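Novice: model this:
(4 chains)
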There are 4 protein chains.
Amino acid sequence: MSLMTTDTTALESDVRSYSRSWPVVFDRAQGATMYAEDGTAYLDFFAGAGSLNYGHNNPHMKQVLLDYLSSDRVVHSLDMLTTARSEFLQTFSDNILKPRGLDHRVMFPGPGGANAVEAGLKLARKITGREAIVNFTNAFHGMTLGALSVTGNSMKRGGAGIPLVHATPMPYDDYFDDEHDVPDFLYLERLLEDAGSGLNEPAAVIVETLQGEGGINSARVEWLQGLAELCKKQDMLLIVDDIQMGCGRTGPFFSFEEAGIVPDIITLSKSISGYGLPLALTLVRPELDVFEPGEHNGTFRGFAPAFATGAETIRQYWSDDSLHKSTIAKGMVIEGAFNALVAKYPDANLISKGRGLARGLQFGESAKAGEVAKECFTRGLLVETSGPEDEVVKLLPPLTLTDEELNRGLDIIADSVATVLSA
Amino acid sequence: MSLMTTDTTALESDVRSYSRSWPVVFDRAQGATMYAEDGTAYLDFFAGAGSLNYGHNNPHMKQVLLDYLSSDRVVHSLDMLTTARSEFLQTFSDNILKPRGLDHRVMFPGPGGANAVEAGLKLARKITGREAIVNFTNAFHGMTLGALSVTGNSMKRGGAGIPLVHATPMPYDDYFDDEHDVPDFLYLERLLEDAGSGLNEPAAVIVETLQGEGGINSARVEWLQGLAELCKKQDMLLIVDDIQMGCGRTGPFFSFEEAGIVPDIITLSKSISGYGLPLALTLVRPELDVFEPGEHNGTFRGFAPAFATGAETIRQYWSDDSLHKSTIAKGMVIEGAFNALVAKYPDANLISKGRGLARGLQFGESAKAGEVAKECFTRGLLVETSGPEDEVVKLLPPLTLTDEELNRGLDIIADSVATVLSA
Amino acid sequence: MSLMTTDTTALESDVRSYSRSWPVVFDRAQGATMYAEDGTAYLDFFAGAGSLNYGHNNPHMKQVLLDYLSSDRVVHSLDMLTTARSEFLQTFSDNILKPRGLDHRVMFPGPGGANAVEAGLKLARKITGREAIVNFTNAFHGMTLGALSVTGNSMKRGGAGIPLVHATPMPYDDYFDDEHDVPDFLYLERLLEDAGSGLNEPAAVIVETLQGEGGINSARVEWLQGLAELCKKQDMLLIVDDIQMGCGRTGPFFSFEEAGIVPDIITLSKSISGYGLPLALTLVRPELDVFEPGEHNGTFRGFAPAFATGAETIRQYWSDDSLHKSTIAKGMVIEGAFNALVAKYPDANLISKGRGLARGLQFGESAKAGEVAKECFTRGLLVETSGPEDEVVKLLPPLTLTDEELNRGLDIIADSVATVLSA
Amino acid sequence: MSLMTTDTTALESDVRSYSRSWPVVFDRAQGATMYAEDGTAYLDFFAGAGSLNYGHNNPHMKQVLLDYLSSDRVVHSLDMLTTARSEFLQTFSDNILKPRGLDHRVMFPGPGGANAVEAGLKLARKITGREAIVNFTNAFHGMTLGALSVTGNSMKRGGAGIPLVHATPMPYDDYFDDEHDVPDFLYLERLLEDAGSGLNEPAAVIVETLQGEGGINSARVEWLQGLAELCKKQDMLLIVDDIQMGCGRTGPFFSFEEAGIVPDIITLSKSISGYGLPLALTLVRPELDVFEPGEHNGTFRGFAPAFATGAETIRQYWSDDSLHKSTIAKGMVIEGAFNALVAKYPDANLISKGRGLARGLQFGESAKAGEVAKECFTRGLLVETSGPEDEVVKLLPPLTLTDEELNRGLDIIADSVATVLSA
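Specialist: Reported below is the predicted structural model:
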């Protein structure tokens, strides 16, 4: 299949988005590279928005997947018991949860991240008997009604068509300018402690430890620890949405590990299958596992081939700390490259952001970020922008990319920045 | 992999449901048969709750899928253009939409049915500027907050943990006892026309033409036509949720074809990939396609292998009307068998329900339905129950099952009913 | 004060309404007569929308009020104990509650009817832990957010500016055309009993036994009894809003007495002070009196002069059944006169409605009702219209009007109808 | 009437509150003094929670009221034109609005403050097409559903029985400890300007310039000016709730005059009738007067005797600035006395709060405030407490009290504080 297909965009809803930034038709992909129908190669620092942490069509999982499908193993079975499901659960428990001292139960809430968030919010409300959720500025948790209510972006919120309620936004770490020395939880803590504040008592706080869509905003370890303490003190559940930043994106498997906190509820999706197959998990502390059988159900609760590739991912990449370490090391390479750009263009008010392999370069003039992404595309590199004004060039390369690929991508970025800023 | 795996249910949330009815571990599956780890074969009249209309691991799509994956074609790419996406769109347009006189645009709202429903509801509200939705008694549309608001089941609604608002339930076709001759839309129409009724003006009506989870309640053609007319007259959008009943389940590709109506918005999922791969579509009349680019987004908006199998499904099964006809014919076989049971056990108040290959046998004493399903399982047949009191034995066999399989299943059901009713 | 004042309508908000129908400035009033500044007398069959059941400036209460105020008795004191408050409570208990076998506690929820409704709804929700309220088509309960949510009129609902939720409208008695023999609670009962109906479990039902604003729709005794039984059976609280129809408007003190039902919560206002002074009560069965001290408060909870006139009203009019009887008798006179008009103008599709001294004449062509009201005004009679299309000429004369006044008013109506229908 | 009445508290709902603090039955009142049934005199520094700014039974208004009622002037007439209404409107316009450069239109929203707030909120939402309201910590706006949503007190909010939504609390002036130098609108402004903040775009901000129920928290002039500017800049309406602090309580007629701001919507009630008669106004800038005729209505929209006394109040007290000046002067006397107590008891962490004749003495140990109020009562002085922990002794004496009464009251407070703090 290499002939150029006809243009089918007229058949699709105008809601399509990424196909506008990168108007070529992609056909094949391997590791950190995507190939358009005409054979042009693109270095992919976007990686399915964090869904392809192990690269495109990773050969380890590919073999497992082909074997699975070839043998007519069960593909679809709602939440019936299957061999693949059991193996995934055991592997995940043995290699991910137990070594980290976690005893959370695994819920399969549906095929995507929004399902995981919805299940977590429903559960928190059911457990506490309260309705309100504290979310953070520039949070992104999904497009279904419950998930959208705790998402910050005003354009996306407007799509709901009804007032989004039961959520109160609080300032994320480092939300205010440095000139104001506002203690981290000054506002939230004061509202919670004041019986006359008018804040509805929250069931839970939902937080990303590093906001990807929000502009690569990384919360400090001490901020996360403070938040966890506040939750305990105020009897609120702590939900960490690790859909984009989990599965090693920031280095450790869970993005909150460095902070040493134990969330009550954890959401995972995107790279959990390791191959781009739809899968999502909601992890729940055992004493909070209070849903009735079937109280939250769904069709694609556990897509068995994703169990097979997901288990293989864990075996391949999470039996030791080598991926963790290489992610940190590669992240430092990006940081170095970005810091060099920051220094080189003092008038552009560039800011280097992020940790691990979730990295951002923020531009003082927000339009520049989009221009740089466009320049990168013409040079064969896929990067997207994020942040409320799309002011950040966002890098989510496969964790498995080679040093050569990393350096090549960074060179393209440097060239693109030079082109845009000297224009 | 054929050794019995260890029991991993303790690692999973108690919310798991089907694994309670059928406590064996399934490993392989082919056509209408699933195989447990110990090799025991089960005839599957459940078919992934309607997600496997073409059977398990259908060889046509299997080959396409293996070829696709073997060639390192793009697996995951959010909503970027891919060859597979284009082919699916073109095939779907040429073979499904155009021949039926439909010019709807295709939106990929996320991987599962709830995403399709959420997108449809958001869009209807955005288009009309109204918040209220009319739904129907015993409707099932999904577990995310928006979809759950229009779902009937009280246990599932309770899981939300917040009051579900903006939806008003109206009586589905034949909701009242026959003794009361209530005209179909008496109540809804009167409320809509009365400026003092207190009904919030609806953005849309969402309806299943045959309620699967609700108990295999089939709306008559004239009722659906009346509803479509009422929507037009009252300026409400008509959303047909065809997630379970579309893709040929009732005979034609869309379940509303027989009624000759044209919904404004249509949701599809479950069998649209033809292989159990997560995929969902929201179809929208072109003049209603008003979302901004990216206003509704998501990670798994178009899982490319599902495009490949979905396109193959259409080529294999929807280029002529043979599947449509055989579905109708097989449905009549079930109807005949069920009618025989109704006649044989006059005291059990059995009712034969459904159309096409969505069939139900309702029991006067609701607990009997569950007992029959249990008996079927011991005899090697998988059937589930549905309805508000789980009073209906529900049959959703693969459309591609053989006559022998069909008759074998019906014999098991007859035996099981005999055992239960003579107990 | 008899000089014509300057026109001050430009100083007032355009929301003013009655001053548009009757564009004269009233200055004095006595019994059933209001006097404009120029001395013109108007027979008042409107009576403050039911707030002046004992006529304007009734001499009995006038003397009590003047004495009270002259002696510097307490006028305002929030909910502190006052002699006037105690006397009112004792008089109300001894003469109204006890003789009717009621042991409800009296709550003073604020100065007006909407406060009484809001307190009742809040209490019902607090008691049951549920949010939903069942209200009826064409109900009117007030303009504050909670009361407006259970009010039918779409124009008034639109004024809220937010979606009004937590209320589900059900058909009031005789809502459907006679041709359809729909049992009274067919729909509500079915939804309540069906675990899959999608109806949120209601905290309470709120009902007027005769809808004044809704078009003088009188519920039958057996309908009210059926509703009370349904509430008991389904564990919903029954709230009777007797703000307009209580205080003898339909004959007995409470409008529900004839039906022999005992509401859990009763609201009273309008004529409870007997003199047009703002006062409102929420009556609550003692076991449901669960508000904490001060949990619902307010400034004008018990305006002491209104206690004084209210107590006098009870002593004067409710120590025997003479007012009750005369109200019934006068109501029959109106019914006779209206029936004569119905017979005289068969093409006008007139309908005589109501009971006691809450009466309506409905016109087939809704605009005619307004024309008749206008004609009445030019002939010196004040009557308003009601109903969703303002299709009903509504009569709420003082219960204390003389037979001569009644007949004079009815003659004016007959003349006005003649003028309008022969035009 | 001087015999002790029987105890009727058992007939009343347990929600009663003030009668618990002051368990005597009051019968008469004059100026700043209330008399119990046994003749005991109590100096009243509570004044109907600010409803009796001109004292009990002020002789000027008393004469007007007796004349009005004696002459059978119209008492009740919904919103029909009456001589009294016109006179009030003209007097209010000529003496209050025009001299202050205000051209607001007067809406009569119902008899009490909550009606005024509800009308204001509805109007703001209708004008802007937005639902969200920004309110402030420790705000108090009333008990009906809309007003309660923007009220801070958690106990009162809990009474709603449904989640209160569409309101986001922001920190009132000086909400944070002095140690943190948080700029006034840092948080609100940042959320409003950030398209990703997740804050629903507000229709309006509702604010008290001095929070009475919230604990006598007085906003600074520059904070109010900053808020008004922010509203203008961000296109939000500014609603000042002047129900308790208007009518001269802080000195000028409107409490916001000193700040030189012009609110879009102003609510008034409590002392607007000048005699404790229920009356409420919602003032609206003429270009925002967009309600349809009757879109917000109600029974007690303009209680005519209250118009008569209200007009007299304006004539007597607001034709020159003498009341304004004396209020400021008396307020300084209280401030002096409180400052002396603060200095005398350094360990008690007393804080002197308020301005004009809205004054508070805050106790470091909140229970002490209640003990002081109790001691005051035994010494013949009525004062209440306020604040989220009832930690403030709150003084709202009649503006018309004499210097002797003021000093006598302050002496009682000093004695009571001494008793409590030395205990």
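Novice: what's the neighbour count on the residue of the stretch 101-250 of chain A found nearest chain D?
Specialist: Minimum separation of the stretch 101-250 of chain A from chain D (C-beta to the nearest C-beta) falls at residue A:196, amounting to 3.2 Å. All C-beta atoms are positioned from the backbone trio N, CA, C, and that covers glycine. The tally of other residues near residue A:196 (other C-beta atoms under 10 Å in any protein chain shown) stands at 27.
Novice: quick one: the strands in the stretch 201-350 of chain A?
Specialist: A:202-207, A:210-211, A:217-218, A:237-241, A:265-268, A:281-284 (DSSP state E, counting those that start in this stretch).
Novice: Which neighbouring elements make contact with the last one?
Specialist: Helices and strands touching strand A:281-284, by 3 or more C-beta pairs under 8 Å, 6 or more residues apart in numbering or on different chains; DSSP states H and E, are strand A:105-107, helix A:113-128, strand A:265-268.
Novice: can you tell if the first one touches chain B?
Specialist: Yes: under the criterion of C-beta under 8 Å from any C-beta of the partner chain, strand A:105-107 makes contact with chain B via A:105-107.
Novice: Can you give the domain ranges for chain A?
Specialist: Chain A breaks down by automatic domain parsing into domains covering A:9-58+A:321-421, A:73-317.
Novice: can you put those domains in JSON lines and add distance to residue D:57?
Specialist: Formatted as JSON lines, these follow (distance: least, C-beta to C-beta, whole Å):
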{"stretch": "domain A:9-58+A:321-421", "distance to residue D:57": "60"}
{"stretch": "domain A:73-317", "distance to residue D:57": "34"}
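Novice: would JSON lines of these with mean pLDDT be doable?
Specialist: Rendered in JSON lines, the data for the domains of chain A read as follows (pLDDT from 0 to 100):
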{"stretch": "domain A:9-58+A:321-421", "mean pLDDT": "97"}
{"stretch": "domain A:73-317", "mean pLDDT": "96"}
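Novice: Which residue comes closest to residue A:308 once chain neighbours are left out?
Specialist: residue A:68 (4.5 Å; C-beta to C-beta, 6 or more residues apart in numbering or on different chains).
Novice: Also residue A:32?
Specialist: Per C-beta to C-beta, 6+ apart, closest to residue A:32 is residue A:401, 4.1 Å.
Novice: what's near enough to touch the residue of the stretch 251-400 of chain A found nearest chain B?
Specialist: In the stretch 251-400 of chain A, the residue found nearest to chain B is residue A:276; the distance is 2.6 Å by C-beta to the nearest C-beta. Applying C-beta atoms under 8 Å, 6 or more residues apart in numbering or on different chains to residue A:276 gives the contacts A:48, A:51-52, A:56, B:75-76, B:303.
Novice: Determine which two of these are furthest apart.
Specialist: A:56 and B:303 (13.6 Å; C-beta to C-beta).
Novice: anything in contact with each of these two?
Specialist: Joint contacts of residue A:56 and residue B:303 (C-beta under 8 Å, 6+ apart) are A:276, B:75-76.
Novice: Could you look up the SS state of the spatially closest residue to residue A:349 that is not a sequence neighbour?
Specialist: Closest residue to residue A:349 apart from its sequence neighbours, by C-beta to C-beta, 6+ apart: residue A:364 at 2.7 Å. For residue A:364, the secondary structure call by DSSP: H, G, I helix; E, B strand; the rest coil comes out as coil.
Novice: how far away is residue A:364 from residue B:46?
Specialist: Taking C-beta to C-beta, to the nearest Å as the criterion, residue A:364 is separated from residue B:46 by 58 Å.
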